[in-house]
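**Student:** Fold the following.
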Amino acid sequence: LVLELDQRGPEGRMMTHMLFIQLLVCIARLYEERERSEVQQSEFYIKRSVDFLHQNYDRNIQVKDVAAEVNLHPGYLHRVFRRGTGRTITEYLTMIRMEKAKMLLEQTDIPIHEISDYVGVGSRQYFHMLFKKYTGTTPVEYRLRKDRNAWKYGDPDAAADKK
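**Tutor:** I've put the predicted structure just below:
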């Protein structure tokens with residue numbers, strides 16, 4: 001482009017414009033390739049992070065632990081994860097834990113005070129607060145409601161005997 005400007009002077013405007021347009025097209029293609037590659041890389045890091053969270057939700061996990069697992073800086077992983085999932089890593093981990101707690105409350109007779117340990121929340125008070133925030137009910141209310149619904153819908157003979 002510079003050579004064309006030097007050699008042609010004012011007469012070579014058309015060639016200069018064409019070369020400039022070609023340069024812009026090349027830059028746009030490189031930018032698009034970089035963006036596509038960045039998205040694919042982000043998806044890879046998010047998938048590995050999610051897998052790690054699902055496999056280790058019952059442990060005391062911090063963002064730095066997840067970042068170390070996927071070999072990224074914690075701040076960068078936090079941004080990539082939030083952009084890709086719409087949640088922070090901590091929010092995603094809480095979701096996994098609360099879904100597991102709901103399943104345990106519904107399908108097992110494990111005492112409620114032990115479920116917090118099963119799902120990786122060390123403090124029972126903190127577990128109750130998280131569970132209520134996530135579901136709108138306490139773990140006790142949740143279990144009672146599920147037991148009542150299971151009895152009501154699960155055993156038609158018991159419902160008939162009740163009448």
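
**Student:** Any regions of this structure where pLDDT drops low?
**Tutor:** Scanning the chain for pLDDT under 70 picks out 1-15, 34-39, 147-163.

**Student:** And the residue nearest the centre of it?
**Tutor:** Central residue of the chain (Cα atoms, centre = their mean): Thr85, 4.3 Å from the mean position.

**Student:** distance of the closest residue to Arg59 other than its chain neighbours from Val80?
**Tutor:** The shortest distance from Arg59 to any non-neighbouring residue, by Cβ to Cβ, 6 or more residues apart in numbering, is to Gly120 (5.7 Å). No exception for glycine: its C-beta is placed from N, CA and C like everyone else's. Distance, Gly120 to Val80, using Cβ to Cβ, to the nearest Å: 23 Å.

**Student:** For the residue nearest to Arg59, give me phi and psi.
**Tutor:** Taking degrees, to the nearest 10, you get phi 90, psi 20 for the backbone angles of Gly120.

**Student:** How many residues are close by it?
**Tutor:** 18 (other Cβ atoms under 10 Å).

**Student:** ok, and what's touching stretch 91-103?
**Tutor:** The contact list for stretch 91-103 (Cβ atoms under 8 Å, 6 or more residues apart in numbering) reads 50, 53-54, 57, 61, 81, 85, 87, 115-116, 118-121, 127, 130-131, 134-135, 139, 142.
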